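K.L.:
have a look; sequence and predicted model below, questions after that.
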Amino acid sequence: QQTGRRFNLFLKRRLRIDKRHESKDSIFFRDGVRRIDFVLSYVDDLNKEWEKKLERRKEFESNLQKAGLELETEDKKESEDGKIYFVKIHAPWEVLITYAEVLNIKVPIRENDIPSRVENPLDCALTPFRLPERVMHPEPDYFTAPFSKDKQELYLINDESTFFSPSMRNRIVYYILTRCPYGTEEGKKKFGIKRLLNNGTYSAAYPLHDCQYWKKASDPNCDSERYTLYMEWARFLRFYKEQPLDLIRKYYGEKIGIYFAWLGFYTEMLFLAAVVGLICFLYGLFTMDENMSSKEICDPAIGGEIIMCPLCDRDCDYWKLNTTCASSEYSHLFDNVATLFFAIFMGIWVTLFLEFWKRRQARLKYEWDLVDFEEEQQQLQLRPEYEAKCTQKKKNPVTQEMEPYLPLTSQAVRFCISGTTVLFWVSLIIASMIAVIVYRLAVYAAFASLMENTQTLEPISGLLTPQLATSVTASCLNFVIIMILNFLYERIAIWITDMEIPRTHLEYENRLTMKMFLFQFVNYYSSCFYVAFFKGKFVGYPGAYTYMFNRWRNEECDPAGCLIELTTQLTIVMAGKQIWGNIQEAIVPWICNWWGRRKARSNPENLYSRWEQDHDLQIFGALGLFYEYLEMVIQFGFITLFVASFPLAPLLALMNNILEIRVDSWKLTTQYRRPVAAKAHSIGVWQEILNGMAILSVVTNAFIVAFTSDMIPRLVYYYAYSTNDASPMSGYINNSLSVFQIADFPTRNKPKMNPDNFVICRYRDYRYPPDHERKYLHTMQFWHILAAKMAFIIIMEHVVFIVKFFVAWMIPDVPADVKAKIKREKYLTQKILHEYELEKLKEKLCRGDTQATEKEFIATEGKVELSRAM
């Protein structure tokens, strides 16, 4: 029986090969002439809704043909698994020109005669980073005008089959698919491919890649742009090359093109920040031996003689200050005078980045014909889900047509539920952060006891202190919690946004963006905010410590400050997120595709059709770019909000982004179906989010320098309290530690053992000693330092904000040459159109048309003269 089955399978393959000798790896119909612009697939499953789905498909495909589209169906017997039908769609010339006019698509009318940019003397040096001209500029530059069916001879139509690019063609077909009706159900007119995908009538709808990514198409009529993108852009070995943005835009559309342009520009600007950050780090490294604070801590005669108060109640022992020698030396890498310079520099860098991006974006808008582009009608049209769920209707004041609407009471209830859900999840993050803080407080004593009693850890005890061990393990635990909450909230955010029933696609994206960003902002940054602004600030003092929930004693900072812990937290969360993100983006889709294609490898290539190959790839999805932007904006927060604590953050981000560009391009070119081309003239709501983070970063970095680093206390000591003119910073450590009499310890805090019979211990604060009349109250130096910190914050914020606003005012959003080109193109386009109209009217007059035509001719000639005058 098994032998018979194999024989039948052999016959079936043999018949298929005999039936069609040419390869099915083609982007054309069987006639080899008509191009496949879109593919629909479905499985003919015999369940209870089979007849209803069949009826919907018949009606839908019939209406597509009535709209002028041409269809060709591949029977399931021809498919690899013998289960899937494929419907191939071709848009003939008449359909393309009709909808090109509807969609206001701009097409060439004359080759651009404006001289290209002036040669840059540095171009020779940049040659190794350049791509070939045919890759960078796959098409000549043209003056363009919106397409009109009545003026076809005006446009540069050399070949009707190639006049509209494949991305334009699939955009037009998708426009028809989203509006095509398929019948009436429950008294409502139903339409659109999205609904048919949601209810399972079709299993997939996608445009085709033009060839396999690893080799050119055998058909000479195919441009093999996917192969070019893979070879010149999507391979990691090309990481040092510029991106072929025009080719990306031509193949994937402007929306994806804008994302890669922004990511590339962001990465270029990071190079400057990374270099300055590296210089600041090297300054800290080379001046480490000159740091008087760490010298005094490490000195056996100073740090070795200072006995510190226990860091936890009862179980912790007294300890010598020089046990933190190594961590104090390392903290100088990030807590030095260069930190202040770098914080101010990054405040200005953010402004330069945002302002220069506006200029870059303006240039792209001109080059990609997006100057007069308004939000695409496809983005502003009513969502099918909105129409399906809104049963009430009212008259639209603009169109005067009845359309569905959501009553105000229903909107209010949905927003309340949505807002409550978001607040609940934000509260959950705060609760998880408190749980991590409790973990830090609870395990510190365990680490202290373990390291003291374990001989094997003695060699690294100088480097791995209980504080550092607690901080590292807590950061790793925090990262795991962040990832879990992230995974869960993504689904919740989509669910509550769906529940709100946004009216348009644009509204849907904006609402989801704000929810996801708010959550991820709190999720990723809350632990960093805790270490930066709360840890060690509300500790109290020996004998009067403050407690969380009246049980766990609040954490203290290291004698060298909390900045090194903030650096540790930032490094683990930022690096962990980037590594995990790249695994998710590259490895997961590759494994899924490998598993899906494993059966196809054993079959002849000419039986594995182009539409089946693309069907087996992953779906990029409508929210594909949303997640890419979100990932980069969260990273942008790490390198701006907390950069004063970690000057190497821009360097880490730069290395990640060099990899990110190639990973994103590789997965889009090789692992995903081709997305439907869509227009976009900017990065949208993300621009406002970046502006908000840029302003917030000035405030956070000012507070980090003032309250988290030790810079202000050192400066106050240097200028006001130092008594040694030869070495002004000597004695600083002794000055920054207050004295506590051990006999004053209450039973709750007092250590179980005091074998050396210490009388006093020291703690990090500015309080009067036990023999003073104002025993354990803050000294005047404390208030001087606090005043200096507040003054520093105000001065730094005002200086940076003034410079930021001045730089933003100085740099125009649109380059002068782009403004001139836009005016020149508008003038020439109007002139060409007017002259065309004039020629048409002259022809009418020559044919002896009526007097009305003479008046029309005079009016048109006057319009041409007026245009010249303008």
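P.N.:
Sure thing, it's come through.

K.L.:
quick check: Gly347 vs Gly731, distance?
P.N.:
Plainly put, Gly347 is 34 Å away from Gly731 if you go by CB to CB, to the nearest Å. All C-beta atoms are positioned from the backbone trio N, CA, C, and that covers glycine.

K.L.:
quick one, which of the two is more surrounded?
P.N.:
Neighbour count, other CB atoms under 10 Å: between Gly347 and Gly731, Gly347 has more, with 26 against 17.

K.L.:
that one: what's it in contact with?
P.N.:
Neighbouring residues of Gly347 by CB atoms under 8 Å, 6 or more residues apart in numbering: Ser697, Val698, Asn701, Val800, Val803, Lys804.

K.L.:
can I get those residues in JSON lines including pLDDT?
P.N.:
Formatted as JSON lines, these follow (pLDDT from 0 to 100):
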{"residue": "Ser697", "pLDDT": "93"}
{"residue": "Val698", "pLDDT": "92"}
{"residue": "Asn701", "pLDDT": "92"}
{"residue": "Val800", "pLDDT": "90"}
{"residue": "Val803", "pLDDT": "91"}
{"residue": "Lys804", "pLDDT": "89"}
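
K.L.:
out of the residues you listed, which are inside helices?
P.N.:
Ser697, Val698, Asn701, Val800, Val803, Lys804 (DSSP state H).

K.L.:
mind checking the end-to-end distance for stretch 67-75?
P.N.:
Across stretch 67-75, the terminal residues are separated by 23 Å (CA to CA, to the nearest Å).

K.L.:
got the buried residues for it?
P.N.:
If you call a residue buried by 16 or more other CB atoms under 10 Å, then stretch 67-75 has these buried ones: Ala67, Leu69, Glu74.

K.L.:
so which of those sit within helices?
P.N.:
If you go by DSSP H, the buried residues of stretch 67-75 have nothing in helices.

K.L.:
okay, those residues in JSON lines with distance to Phe638 next?
P.N.:
Below are these laid out as JSON lines (distance: CB to CB, whole Å):
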{"residue": "Ala67", "distance to Phe638": "49"}
{"residue": "Leu69", "distance to Phe638": "48"}
{"residue": "Glu74", "distance to Phe638": "49"}
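
K.L.:
which among the residues you listed gets closest to Val422?
P.N.:
The shortest approach to Val422 among those belongs to Ala67, at 41.9 Å (CB to CB).

K.L.:
and that closest one, backbone torsions?
P.N.:
Main-chain torsions, Ala67, degrees, to the nearest 10: phi -80, psi 0.

K.L.:
nearest residue to the middle of this structure?
P.N.:
The chain has Tyr629 as the residue nearest its centroid, 2.0 Å off, counting by CA atoms, centre = their mean.

K.L.:
among the ones in helices among the contacts of Gly347, the buried ones, what's the PyMOL command?
P.N.:
Filtering the ones in helices among the contacts of Gly347 down to the buried ones (16+ other CB under 10 Å) takes a single PyMOL command:
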select buried, resi 697+698+701+800+804
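
K.L.:
quick one, phi/psi of the closest residue to Trp233 other than its chain neighbours?
P.N.:
Once flanking residues are discounted, Trp233 sits nearest to Ser665: 5.2 Å by CB to CB, 6 or more residues apart in numbering. Dihedral pair for Ser665: phi -70, psi -40, per degrees, to the nearest 10.

K.L.:
so Ser665 sits against Ala234, correct?
P.N.:
Yes: using CB atoms under 8 Å, Ser665 makes contact with Ala234 at a distance of 4.2 Å.

K.L.:
intersection of neighbour lists for the two?
P.N.:
The contact sets of Ser665 and Ala234 do not overlap (CB under 8 Å, 6+ apart).

K.L.:
could you find the closest non-adjacent residue to Thr258?
P.N.:
Not quite, residue 258 is Ile, not Thr. In space, and not counting its chain neighbours, Ile258 is closest to Ala680: 5.2 Å by CB to CB, 6+ apart.

K.L.:
what's the answer for Val799, then?
P.N.:
Ile344 (7.3 Å).

K.L.:
from the contact counts, what lies against the lengthiest helix in the chain?
P.N.:
With secondary structure taken from DSSP H, the chain has its longest helix at helix 408-453. In terms of contacts (3 or more CB pairs under 8 Å, 6 or more residues apart in numbering; DSSP states H and E), helix 408-453 is packed against helix 466-500, helix 505-533, strand 547-548, strand 552-553.

K.L.:
picking that back up, list just the nearest of the contacts of Gly347 to Leu563.
P.N.:
Leu563 lies nearest to Asn701 out of the contacts of Gly347, by CB to CB, at 12.2 Å.

K.L.:
mind checking how far Asp744 is from Ala544?
P.N.:
Asp744 is 10 Å from Ala544, where distance means CB to CB.

K.L.:
which one's more surrounded, those two?
P.N.:
Neighbour count, other CB under 10 Å: between Asp744 and Ala544, Asp744 has more, with 15 against 11.

K.L.:
so how far is Asp313 from that one?
P.N.:
15 Å.

K.L.:
what's the burial count for the closest residue to Arg171 other than its chain neighbours?
P.N.:
Counting by CB to CB, 6+ apart, the nearest residue to Arg171 once its immediate chain neighbours are dropped is Ala677, at 4.4 Å. Look at Ala677: counted by other CB under 10 Å, it has 24 neighbours.

K.L.:
so Ala677 makes contact with Lys250?
P.N.:
No: Ala677 is beyond contact range of Lys250, at 9.2 Å (criterion: CB under 8 Å).
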